[in-house]
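1. Just the structure for this:
(2 chains)
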Amino acid sequence: MEVKTKHAKEQKQGVLKRIAGPVVTAVNLDAHMYDVVKVGKEELMGEVIKIQGDSVIIQVYEDTAGIRPGEPVSNTGLSLAVELGPGLLTSIYDGIQRPLAVLVDKMGNFIERGVTAPGLSHEKKWTFKPLVKAGDKVEPGAILGEVQETNIVHKVMLPPNVKPGTVKTIKSGDYTIDEIICVLEDGREYPMLQRWPVRVPRPVKEKMNPTIPLITGQRILDGLFPIAKGGTAAIPGPFGSGKTVTQQQLAKWSDAEIVVYIGCGERGNEMTEVLTEFPHLEDPKSGKPLMERTVLIANTSNMPVAAREASVYTGITIAEYFRDMGYDVSLMADSTSRWAEAMREISSRLEEMPGEEGYPAYLAARLSEFYERAGLVKTLNGARGSVSVIGAVSPPGGDFSEPVTQNTLRIVKVFWALDAKLSQRRHFPAINWLNSYSLYLEALHDYYDKEVSPEWNTIRSWAMEILQKEAELQEIVQLVGSDALPESEQVTIEVARMIREIFLQQNAYDAVDTFCDMKKQYAMMKAIKTYAELSYSAQLVGVSPAQINAVKAKNELAQIKFIKDYTPELAKIMKQMDDEFNTLRSAA
Amino acid sequence: MKEYRTISKIAGPLVFVEKTEPIAYGELVNIILADGTTKRGQVLDTSDELVVVQIFETTAGIGRDSGVRFTGETIKMPVGRDMLGRILSGGGKPIDGGPDIVPEKRLDINGAAINPYARGMPADFIQTGISTIDGTNTLVRGQKLPIFSGAGLPHNNVALQIARQAKVPGSTENFAVVFAAMGITKEEANYFMQDFERTGALERAVVFLNLADDPAVERIITPRLALTTAEYLAFELGMHVLVILTDMTNYCEALRQIGAAREEVPGRRGYPGYMYTDLANLYERAGMIKGQKGSVTQIPILTMPGDDITHPIADLTGYITEGQIVVNRDLHRKGIYPPINVLPSLSRLMNLGIGKGKTREDHKKVSDQMYAGYAEGNDLRGLVAIVGKDALSERDRLLLEFADLFENRFVRQGYDEDRSIEDTLNLAWDLLATLPVEQLTRIDRELINKYHPKFRTGAKKE
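-> Modelled structure (predicted):
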């Protein structure tokens, strides 16, 4: 679980001096910042977070009850790292990459301390197929071969931080991750396993600007506020507004090839739900269980707070590793506020000078460092890969002016504002269409023109305009009632209602409606726009709003989202709508 | 056991002891007073020079001459089968005049986190007999669903009604109630006890009482004792345990008090920055374990200071628990019992426990439609106050009436009225039938044809 750093050598043992919760102090320990240390007789895992004179301050990833001053502390001389190699997919880890399934076998249903387990199985054999041959020159990050891990092909790479070389021998066949599969001419030997320190971003050749949307199948996201592959988004919202459901929907349906889901300081039962559900859900593209492309990290709120702090880094390092193979990875972190709180808790135990609301002064820096690890990149081996990061934020009291939300918004490009008012009236996803924004619209313009419809960009702006208009009109309606509005604006109100109820509302629990592709989104919005155009023109020739509202085809339109093969039904509805309006117009 | 007489400082609930041998973090401590009485505490901070001990009771009587004995172990609690039917103090000592608990096991009161991989998925519908819970905010086994209330509201009655009526339809498994009172008045405690006795619930209950005049710091361990007991009953004896914790607000006040005494950097409104983690360590002790029989379901009750749902206590609780039931003052003033406002209420695990084979296939969609109708009708009340009923469209007028019906027929029910889920859903359909069919956009046609009273009666005639 560790990476060798320069000073990795036999270390003398230190002695514990003080224990106060998850933060302990040791003396006589030869240590560097972020070294992994073993604390006490039980060898609990910890990390050096502060050095002050002879005192070394350590955050411990496990419960420290029962540890006494005077117990030994030893330095591994290594920094906190994850194991990368075949076997990551379908795994579920705690914050420091201990596989939870293995922990159940080792210590039962409850998490006890002092138990370690490697992140990957070192016994299992994988079938390695080489892609280079003897005599080939290999650069750092080069793809040496591949392993069929699940339905995903796991590319085995040269580590990114080594010198280039020439392949002397390369093996083919069944190997464990520790067995040497590649020897270079200068004698260096590489197994499939790599270790990488979690706090250091994996290097890339070049960062590029995103141009392709991450399709999520969620109408309000894809349709109105899209995120690009390699982009960053934040979902802030008060409790009960549907953050977790939205995150899970993204994990299920986003068209990334790999999904890393971090449950950071969240509910145990929710993680269980993910664990139970994902193996049974099918990837809409491959038809294989979603779990086969997923890595889960579950450090629930009652698991040690220091491991919660690490969980986010563990997750993003794994995401970067798959990105380096040339995959599109999406990473969901639920919730970054719990991560920030873990930082606050540790900071306050260090008696650091607090910044805003008790958060450490380095909160903004840590958040931006994390989100900056997202991106569309040219990898060291020349492939194109991306990590999209979607962070949930849980602002206290739903107040977006608090530090975590504000610091996050300064970095991310997409803002999906969850709204408790909407969720109270069961408008799901409860994303407020007036407050949310996406800065990728311009970058994705061409994609929509080509892949969806040349009309799409116009239709999207039209819908946003109607929704904005409705908000203004609603203020008047609140005062004088809707009958007092001019007739054309009564039509606008009705059209806006249709956009909200038909297009924006989406039922995550309905087998069909849970995922809606761009084509269907376009068809639905186009139908609403057609209705709007017919209504306005009917209203101009004197048809009353009441008559327009009574058009039956409109109610049928609401059912389209629940129908899988919607095209014939939609055509029928549009035909009926046309007929009804014709009748109305000729009667007027 | 070595006794130290090296107390250097006493501040609030904290006692500072100097020059000790190495003392373990979290160790249980006994303080021996001059008159021979013993007070218990726990090590909060330990180093070679100084050990900080948090006392669970009042520090009255402790002086620099008091003796300090470190027990060498963390706080463990004796648990056993014969705890059922017993009343214990907030510190875990029997106060019903009965014998001591015969321990079958001694368990660490802090428990351990359930490995998320070992958790069973909550899926069993618990019928509470209260329409606003069963129908629109369904409770399932293994869930933690708090009641958010305010001072002077009948949350205790709601909790008692749930404890009394809760059952899994068609199941006859063993169940038990663990009740932990933190800082409630003797009067309130009596009310609970009388109700337990009246209904015979005491036989299958374990009661922990920390009353208003008991030491505030004892409140820190009361819920931990209760949950340790619950876990024992659930995961060792295979029982289905309902834990009622009241009042979490008093617990958090005690937490703040200790934080202040330790001179910690305070977080929002003076509550400690680690309150989220601390509360999570309590609430997350609800759940089920894969392949095992028992379950722990939690109903914590908290009174929101100033009815403010954004107050840190309610806020952090809401972020940890799987939803909340909100008791509302306006409904209470209107004389509606139980005054549960469904709009801010939520049950996150509802979808796992309802639907075909569990409750009824139409449950989810009926619930959504009820919510949508009530939310819109409720909004219109503001408009009516300005423009009058006559200015409303027909659609709005019906919605307005729907909101009234919702409160008077769906929300309102008797203290002893136990509605089955069938009754609740049929009642919902009766109310939805007052709206035009085409307005029921949340429900698909098939279900409308099957359950809507208009079509149901039509079907009966055939």
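
2. tell me the pLDDT at residue A:11?
-> Per-residue pLDDT puts residue A:11 at 56.

3. what's the spacing between the longest helix seen in chain B and its chain's center?
-> As assigned by DSSP state H, the longest helix anywhere in chain B is helix B:363-387. Here the centre of helix B:363-387 is set off from its chain's centre by 28 Å, with CA atoms, centre = their mean, to the nearest Å.

4. Number of residues surrounding the spatially closest residue to residue A:440 that is not a sequence neighbour?
-> Among residues not flanking residue A:440 along the chain, residue A:228 sits closest, at 4.4 Å (CB to CB, 6 or more residues apart in numbering or on different chains). C-beta here means a position set from N, CA and C on the backbone, and glycine is covered the same way. Residues contacting residue A:228 under the criterion other CB atoms under 10 Å in any protein chain shown number 25.

5. Only the buried residues of the host helix or strand of residue A:461, if you could.
-> Assignment of secondary structure by DSSP states H and E places residue A:461 within helix A:456-480. With burial defined by 16 or more other CB atoms under 10 Å in any protein chain shown, the residues of helix A:456-480 counted as buried are A:456-457, A:459-460, A:462-464, A:466-467, A:470, A:473, A:477.

6. about what we covered before: check what pLDDT the residue nearest to residue A:440 gets.
-> 96.

7. just residue A:493 next, same as before
-> 92.

8. One more: residue B:460?
-> Looking at residue B:460, the pLDDT reads 45.

9. One more: residue A:209?
-> 94.

10. Next up, the contacts around the nearest residue to it once chain neighbours are set aside.
-> Among residues not flanking residue A:209 along the chain, residue A:443 sits closest, at 6.5 Å (CB to CB, 6+ apart). Neighbouring residues of residue A:443 by CB atoms under 8 Å, 6 or more residues apart in numbering or on different chains: A:209-211, A:228.

11. got the angle for the helix or strand that contains residue B:344 vs helix B:363-387?
-> Under the criterion of DSSP H and E, residue B:344 resides in strand B:340-347. Strand B:340-347 and helix B:363-387 meet at an angle of 140 degrees, taking axes from the mean of the first three to the mean of the last three CA atoms, to 10 degrees as the criterion.

12. Just confirm yes or no for strand B:340-347 near chain A.
-> Yes - interface with chain A: strand B:340-347 contributes B:343-344, B:346 (CB under 8 Å from any CB of the partner chain).

13. Quick one: name whatever helix or strand follows that strand.
-> Downstream of strand B:340-347 (by DSSP H and E), the next one is helix B:350-353.

14. do that next one and chain A meet at all?
-> Yes - counting by CB under 8 Å from any CB, chain A has neighbours in helix B:350-353: B:351-352.

15. what pLDDT does residue A:429 get?
-> Looking at residue A:429, the pLDDT reads 92.

16. cool, and the one 3 residues further on?
-> The score at residue A:432 is 95. That number is its pLDDT.

17. same question, residue B:216
-> 82.

18. Now whichever strand or helix holds residue A:529: average pLDDT?
-> Assigned by DSSP H and E, residue A:529 belongs to helix A:518-540. What helix A:518-540 shows for mean pLDDT is 94.

19. Identify the nearest residue to residue B:196 in space, disregarding sequence-adjacent positions?
-> residue B:202 is the one closest to residue B:196 (CB to CB, 6+ apart), at 4.2 Å.

20. and the residue nearest the centre of chain A, how far is that from residue A:258?
-> With distances taken as CA atoms, centre = their mean, the residue of chain A nearest its centroid is residue A:332 (1.7 Å). Separation of residue A:332 from residue A:258 (CB to CB, to the nearest Å): 12 Å.

21. Out of the buried residues of helix A:456-480, which is nearest to chain B?
-> residue A:477 (7.9 Å; CB to the nearest CB).

22. Show the pLDDT at the closest one.
-> 83.

23. pretty sure it is touching residue A:489, no?
-> No - between residue A:477 and residue A:489 there is no contact under CB atoms under 8 Å: 9.4 Å.

24. Residue B:64: what secondary structure?
-> coil (DSSP: H, G, I helix; E, B strand; the rest coil).

25. Backbone dihedrals for the nearest residue to residue B:232 once chain neighbours are set aside, please?
-> Spatial nearest neighbour of residue B:232, chain neighbours left out: residue B:79 (4.3 Å); criterion: CB to CB, 6+ apart. Backbone torsions of residue B:79, given as degrees, to the nearest 10, read phi -130, psi 150.

26. pretty sure residue B:79 contacts residue B:105?
-> Yes - if you go by CB under 8 Å, residue B:79 and residue B:105 touch, sitting 5.4 Å apart.

27. Thanks again, I'm all set now.
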